[in-house]
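Student: let me see the structure of the following:
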Amino acid sequence: MTDSAINVIVADDNIEFCNVMRDYFMTQIDINLIGIASDGFEALEMIKEKKPDLVILDIIMPNLDGLGVLEKLGEEKTEHMPRIIVLTAVGQDVVAQRAIALGADYYVVKPFDMEVLTRRMRQMFDNTLYNGKEKKASMNPGGEGAELGNSNPGNIEAEITRVINGIGIPANVKGYTYLRKAIALAVDNQQLLSSMTKELYPAIAETYNTTGSRVERAIRHAIDIAWSRGQLENMQDIFGYATTREHVKPSNGEFIAMVADRLRLKNSIIV
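Tutor: Take a look at the predicted model:
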């Protein structure tokens, strides 16, 4: 740690994700993780108490979400206002823009590359992030500096199977096979998640001699089955909140992105 280290708070209710962030930041001499909050109210108290330079704030959290935290900070006119990077999921562009309007400095779409994130953090504090461009910016999946790290495809396939079996998707439905393929493709190329209808579904359809719309419906059906009779503890481990069958089901894209993100982090795949 140096005298000019960036003091950071992470606010995210996904314990595994926070552990990954903590372990990575410990290897960075100029980044000092001073706190981890699991919900919005805890994040607000931690910001007031610890006065961080930067808050990495997830949009989806229990009790008070990321937008609520931004609203509270604006209402209370916090004396020490940190820089804020919000974390969003694929398909949450409108929410991300709302966060920017409420005062966030930058938004990042999950899943993302930790090396790119830390580079952006440093650029925020040495005033080189925007380079004269509009201040409010985003880091999209597969952006600058993206590359595929070394991974073992066989291991990834086995882990995908274990995950979707664990959340209760039966192997005898078509969506099971399509989901396995979709997640594997997303692990290798996360840009597909931003173009599911035009690229991801057609790629799967071509492999299995069907149509993109049938692939989409089959995946939706598989997720519905998991949500109605699946293993809630395993779902909570993946999705990062106290899952119940009454909770709003994730979209196909959210589901695929979260599982792919989990596998990418676990296997240290840089994409």
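Student: which stretches of the stretch 101-250 of the chain form strands?
Tutor: Listed in chain order, the strands of the stretch 101-250 of the chain (DSSP state E, counting those that start in this stretch) span 106-109, 137-139.
Student: can you tell me the average pLDDT over the first one?
Tutor: With pLDDT averaged residue by residue, strand 106-109 scores 84.
Student: direction included, what does that strand pair against?
Tutor: Strand 106-109 pairs in its sheet with strand 83-88 (parallel), strand 137-139 (parallel), by DSSP bridges.
Student: where among those strands is the average confidence lowest?
Tutor: Here the lowest mean pLDDT among the strands paired with strand 106-109 goes to strand 137-139, at a mean of 45.
Student: my guess is residue 207 contacts residue 181, does it?
Tutor: Yes - with contacts counted by Cβ atoms under 8 Å, residue 207 reaches residue 181, the gap being 6.5 Å. All C-beta spots, glycine's among them, are computed from the backbone N, C-alpha and C.
Student: more neighbours: which of the two?
Tutor: residue 181 (19 against 13; other Cβ atoms under 10 Å).
Student: residue contacts, that one?
Tutor: 204, 207, 208 (Cβ atoms under 8 Å, 6 or more residues apart in numbering).
Student: mind putting the residues you listed into CSV with pLDDT and distance to residue 97?
Tutor: Shown next, in CSV, are the contacts of residue 181 (pLDDT from 0 to 100; distance: Cβ to Cβ, whole Å):
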residue, pLDDT, distance to residue 97
204, 92, 30
207, 87, 35
208, 87, 36
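Student: residue 105: which of these is nearest?
Tutor: residue 204 (37.1 Å; Cβ to Cβ).
Student: am I right that residue 13 falls within a helix?
Tutor: No - applying DSSP: H, G, I helix; E, B strand; the rest coil, one finds residue 13 to be coil, outside a helix.
Student: number of residues surrounding it?
Tutor: Residue 13: 22 neighbours (other Cβ under 10 Å).
Student: surely it is in contact with residue 40?
Tutor: No - with contact defined as Cβ under 8 Å, residue 13 and residue 40 do not form a contacting pair (9.4 Å).
Student: intersection of neighbour lists for the two?
Tutor: Joint contacts of residue 13 and residue 40 (Cβ under 8 Å, 6+ apart) are 61, 62.
Student: and the gap between residue 64 and residue 37?
Tutor: Going from residue 64 to residue 37 by Cβ to Cβ, to the nearest Å gives 10 Å.
Student: overlap in contacts, those two.
Tutor: residue 43.
Student: and those two? Which one has more around it.
Tutor: Using other Cβ under 10 Å as the criterion, residue 64 and residue 37 rank with residue 37 on top: 23 against 17.
Student: from the chain's centroid, how far away is stretch 74-82?
Tutor: 26 Å (Cα atoms, centre = their mean, to the nearest Å).
Student: and what of stretch 198-209?
Tutor: Counting by Cα atoms, centre = their mean, stretch 198-209 comes out at 24 Å from the chain centroid.
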